[in-house]
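A.B. asks: Whatever this is, show me its structure:
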Amino acid sequence: MSKPRVIVVGMDGATFTILKPLIDQGKLPTLAKIMNEGVAGPLASVTPPITPAAWSSFYTGKQPGKHGVFEFLYRRPDSYSKVPVNFTSIRGKKFWDYAGASGKRVCLYNLPLLYPTPDVNGVAVSGLLTPDGVEDFGTPSGIIPEIEKEVGGPYVLGSRAVYRKGNAGKILEEFHRVLTYHMKSAQYLLQKEPWDVFFGHLMVTDSMQHELWHLLDPTHSAHDPEEAAEHMPQIEAIYQRIDQEFLAPIVDSLDEETTLLIMSDHGFGGIEHIIYMNMWLLQRGYVTWSKDWWTQAKAMMHRWGVTPKNFFRVIRWLGLGELRDRVSLEARETWMNRGFMNIRRADWSNTKAYAMGNILGMLYLNVKGREPDGAVEPGEEYEKVRTEIIEKLQAEKLPETGEPLFSKVQKGEEIYEGLYAKYGPDIVCTPTDWRYQVFGYQDFVSNKFVETYSEMTGHHRVDGIFFGMGKAFQHGLWLDDAKLLDLAPTLLHLIGLPIPSDMDGRVLEEAFDDDAWDYPEMLAVDETAEEETAAVELSEEDQKLVMQRLKDLGYEDGL
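C.D. replies: Prediction:
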C-alpha cells in the first residue's frame, strides 16, 4: 500500500523578479528542471504581506481573522501596549496537527514563529522570533545539541547583518555562513528522521533582499553599478547554492510517493520612501497631545525638526553612524521616549485614531469600551470617523506622479473575518507604489508624513513563489491563481487526509495531472467553531530579546 509523502521548502521572501532571470540565464538548473517537469507560478500572500501573518496562514490554511496573528506585535486587551507574537498567538490547528493525529510523522525545521516549540508527532525546530540565548527551542528535547554535534559549532539562529556602505562583502559572508548551517541542519534531519511531511525553511533569502535589494535592482536610487558588479557573484551564489546544494539532492531523491513543494511567504521589491501614519493622524487632528508642559515643549521642538530622524542624520554626517547600531532597541526606545515625541504622550481621551506596531498600513480607532481611554463611541460615531479617515486617505497623492498614494483603503472587515477579526485593524491601507511603505515601530521619529527611507532597501510584495514536482502534477504548467492559503489544504490532500471545512484555501486541483495521478477521494471534515483562546505572553526578558532581534532585522525601527 502506498504511503504518500510531501517535502516543503520555504524560501522566505523569494520572488520571481529575481529567480526568473537567473533561471533564464541557466544559473538555477534545478528550479528550471522543476518548472519543466512540474508546475510553477506566483503565490499570493495575505493582506498586508507581513511575515508572521503569512506564515501563520500557511500553517493553518486560514486568514488572520481566524488564527489571530496580524503582524509582529499584538495588542494586549484593554491596553495601548503591544508585545511580540509567539507560537501561542496562532490559534487553531495547523496542518501538522492533522497529519500527526492521523499517525503521520512530521519534521519541521527552522519554522518562523514556532517558539515556544510545540510537541508534535515527530521533530520541530523553531526559527525566526526565537529569543536569542534560549536553549530549548526544539522538540523532542535534545534535538538542538544533536544538530550542533552533527553540523558543528553553536546553533545559528539567523543573521544580524545590517548593510552600511562598504560592508556588503562582510555581510554576504555572514549570509553564506547562516545558509550553510541551515542547509546542513535541514539535510541532516531530512536524511536521519523518518517523516511523512518534511518542512525546511531558509530565512537568508529574505534577510539578504532586505539589506541588498539596491544591488539587485538597477532602478533603485541607491544602486551603485560598481558596488553591484563587485558583489553580484556572491549575491547570486546564495540562490545558486540553494538550487544546487539543497534542492538538487532533494529532486534527485524523489520517488513515486513523494511530492516536492517550494514556496515563499511573500515576494519582494524595493523600498525608497517611508509613510508615518501617526504623523498623518496628528496633522489632521486625530491624535492629540497631552496638555502638560513637558509634552507641549517637546511637541513644539518636534514641529521645528528636533526629531530622532534628524538627530541620526547629524550622527551619520559626523561619521558616527555605527554608534546607532551599537545601541540596543530597549536603550534607544527609552532614550527616544524621554527626549522626543511618541504615541505614549497622546491625550487618549481626545485621540480618535492611532497606529502602533509594525503596521504596514494598519490603523486603529480609539473606541470607548475597547481601548482603556476610548474617545470614539461605537456604532454611528465609529462609522462616521472611520469613513472620514478613509476618504481623506484616499485623497492623498504620490508626490512624484499625483496618483493616489494608496490603491486601496479598506475597512478591516473587508479583509478579515473570523473569531479574532475584532482584534485586527479598523483600517488597512495598501500602497499604489510599493516603494512607498508604511513601516516601523517608532512612528514619530520624523515630523513628516512621507519622506525618503535610507535604511534597508528591500521590502515585501504580495506575490511570492510556488513550485510543485511529483507524479501528482502536470508538466510545464504555469499557475496564475495560487494563494498561500491554498497550500495547507493541498498538502493535506496530497497525503490523503480530509480538508477541514473552516480552511479558507482550496486544493490546487488544476495543477494535478489526471493521467499520471490516481486521485484520492476529495474528502472534507467539518470543524466546529473554536472557542476563543488567549495567547500566552513570553517572559519579559524573552520579549526584550525578540524585540532586539526585530530591531536587528530592521523591522521595528523606522529611522
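A.B. asks: For the stretch 51-200 of the chain, which segments count as helices?
C.D. replies: Per DSSP state H, counting those that start in this stretch, the stretch 51-200 of the chain carries helices over the ranges 51-60, 64-67, 95-101, 143-151, 168-192.
A.B. asks: Now distance to I343 and mean pLDDT too, for these, in a markdown table please.
C.D. replies: To be clear about C-beta, it is placed using only N, CA and C from the backbone, and glycine gets the same treatment. Conversion of these to a markdown table gives the following (distance: least, C-beta to C-beta, whole Å; pLDDT from 0 to 100):
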| stretch | distance to I343 | mean pLDDT |
| --- | --- | --- |
| helix 51-60 | 21 | 96 |
| helix 64-67 | 23 | 95 |
| helix 95-101 | 37 | 96 |
| helix 143-151 | 38 | 95 |
| helix 168-192 | 32 | 96 |
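A.B. asks: Reformat those as a markdown table; add mean neighbour count and distance to A524.
C.D. replies: Formatted as a markdown table, the helices of the stretch 51-200 of the chain follow (neighbours: other C-beta atoms under 10 Å; distance: least, C-beta to C-beta, whole Å):
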| stretch | mean neighbour count | distance to A524 |
| --- | --- | --- |
| helix 51-60 | 27 | 16 |
| helix 64-67 | 24 | 17 |
| helix 95-101 | 20 | 12 |
| helix 143-151 | 16 | 34 |
| helix 168-192 | 18 | 31 |
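A.B. asks: okay, and for the chain, where does confidence drop off?
C.D. replies: Along the chain, the parts satisfying pLDDT under 70 run over 1-2, 306, 310-339, 341, 357-359, 439-443, 516-523, 525-530, 548, 550-559.
A.B. asks: do that again at 80, thanks
C.D. replies: For the chain, the stretches flagged by pLDDT under 80 are 1-2, 77-78, 295, 299, 301-302, 304-344, 356-360, 439-443, 454-455, 515-559.
A.B. asks: domain parsing for it?
C.D. replies: Domains of the chain are assigned by the TED database as 19-271+460-471+492-543, 273-459.
A.B. asks: Make TSV out of those domains and add distance to M11.
C.D. replies: Listed next are the domains of the chain as TSV, based on distance: least, C-beta to C-beta, whole Å:
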stretch	distance to M11
domain 19-271+460-471+492-543	5
domain 273-459	15
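A.B. asks: right, so of those domains, which gets closest to L484?
C.D. replies: Taking C-beta to C-beta, domain 19-271+460-471+492-543 is the member of the domains of the chain nearest to L484, at 5.3 Å.
A.B. asks: got a list of what S264 touches?
C.D. replies: Contact analysis of S264 by C-beta atoms under 8 Å, 6 or more residues apart in numbering lists 10-15, 43, 205, 464-465.
A.B. asks: What number of neighbouring residues does the residue nearest to A40 when sequence neighbours are not counted come out with?
C.D. replies: Using C-beta to C-beta, 6 or more residues apart in numbering and skipping the chain neighbours, the partner closest in space to A40 is F467 (4.7 Å). Counted with other C-beta atoms under 10 Å, residues neighbouring F467 total 24.
A.B. asks: And F467, which helix or strand is it part of?
C.D. replies: Applying DSSP states H and E as the criterion places F467 in strand 463-469.
A.B. asks: Give me the angle between that strand and helix 51-60.
C.D. replies: Using axes from the mean of the first three to the mean of the last three C-alpha atoms, to 10 degrees, the inter-axis angle of strand 463-469 relative to helix 51-60 is 30 degrees.
A.B. asks: which secondary structure elements does strand 463-469 contact?
C.D. replies: Under the contact criterion of 3 or more C-beta pairs under 8 Å, 6 or more residues apart in numbering; DSSP states H and E, strand 463-469 touches helix 16-24, helix 29-37, strand 39-44, strand 258-263, strand 267-270.
A.B. asks: Try it again at 7 Å.
C.D. replies: Packing partners of strand 463-469 (3 or more C-beta pairs under 7 Å, 6 or more residues apart in numbering; DSSP states H and E): helix 29-37, strand 39-44, strand 258-263.
A.B. asks: nearest to K184, of those?
C.D. replies: Nearest to K184 among the helices and strands packed on strand 463-469 is helix 29-37 (17.7 Å), distances taken as C-beta to C-beta.
A.B. asks: Show me the contact partners of that closest one.
C.D. replies: Applying C-beta atoms under 7 Å, 6 or more residues apart in numbering, the contact partners of helix 29-37 are 19, 23, 40, 243-244, 247-248, 251, 467, 469, 475-476.
A.B. asks: Just give me the closest of these to H223.
C.D. replies: Using C-beta to C-beta, the contacts of helix 29-37 come closest to H223 at L19, 19.5 Å.
A.B. asks: re earlier: relative to A346, which of the contacts of helix 29-37 is nearest.
C.D. replies: Nearest to A346 among those: L19, at 44.3 Å, using C-beta to C-beta.
A.B. asks: In contact with that closest one, which residues?
C.D. replies: 28, 31, 239, 465.
A.B. asks: Could you do R461 as well?
C.D. replies: R461 neighbours (C-beta under 7 Å, 6+ apart): 15, 49, 266-269, 434.
A.B. asks: Now distance to L365 too, for those residues, in JSON lines please.
C.D. replies: As requested, these are exported to JSON lines (distance: C-beta to C-beta, whole Å):
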{"residue": "T15", "distance to L365": "34"}
{"residue": "P49", "distance to L365": "24"}
{"residue": "H266", "distance to L365": "27"}
{"residue": "G267", "distance to L365": "31"}
{"residue": "F268", "distance to L365": "32"}
{"residue": "G269", "distance to L365": "30"}
{"residue": "W434", "distance to L365": "26"}
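A.B. asks: Out of those residues, which is nearest to L281?
C.D. replies: W434 (22.0 Å).
A.B. asks: List the residues that contact that closest one.
C.D. replies: Contacts of W434 (C-beta under 7 Å, 6+ apart): 269, 461.
A.B. asks: my read is P218 is in a strand, agree?
C.D. replies: No: assigned with DSSP: H, G, I helix; E, B strand; the rest coil, P218 falls outside any strand and is coil.
A.B. asks: so how far is the first residue of stretch 80-97 from its last?
C.D. replies: One end of stretch 80-97 to the other measures 34 Å (C-alpha to C-alpha, to the nearest Å).
A.B. asks: Make a markdown table from the contacts of helix 29-37 and add distance to K368 to it.
C.D. replies: Formatted as a markdown table, those follow (distance: C-beta to C-beta, whole Å):
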| residue | distance to K368 |
| --- | --- |
| L19 | 49 |
| I23 | 55 |
| A40 | 50 |
| D243 | 55 |
| Q244 | 59 |
| L247 | 54 |
| A248 | 59 |
| V251 | 58 |
| F467 | 50 |
| M469 | 55 |
| H475 | 59 |
| G476 | 58 |
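A.B. asks: out of those residues, which are buried?
C.D. replies: Buried subset of the contacts of helix 29-37 (neighbour count, 16 or more other C-beta atoms under 10 Å): 19, 23, 40, 243-244, 247, 251, 467, 469.
A.B. asks: So of these, which two are at opposite extremes in space?
C.D. replies: Between any two of the buried ones among the contacts of helix 29-37 (C-beta to C-beta), the greatest distance is 17.8 Å, for A40 and Q244.
A.B. asks: relative to helix 16-24, how tilted is the strand holding F467?
C.D. replies: Interaxial angle of strand 463-469 relative to helix 16-24 (the same axes, to 10 degrees): 40 degrees.
A.B. asks: now for the helices of the stretch 51-200 of the chain, which one comes closest to A482?
C.D. replies: With C-beta to C-beta as the measure, helix 51-60 is the member of these nearest A482 (12.1 Å).
A.B. asks: quick one, strands of the stretch 301-450 of the chain?
C.D. replies: Assigned strands in the stretch 301-450 of the chain, in chain order: 353-354, 362-365, 406-411, 427-431, 436-438, 450-452 (criterion: DSSP state E, counting those that start in this stretch).
A.B. asks: Could you list the buried residues of the longest one?
C.D. replies: Neighbour-count burial for strand 406-411 flags 406, 408-410 (criterion: 16+ other C-beta under 10 Å).
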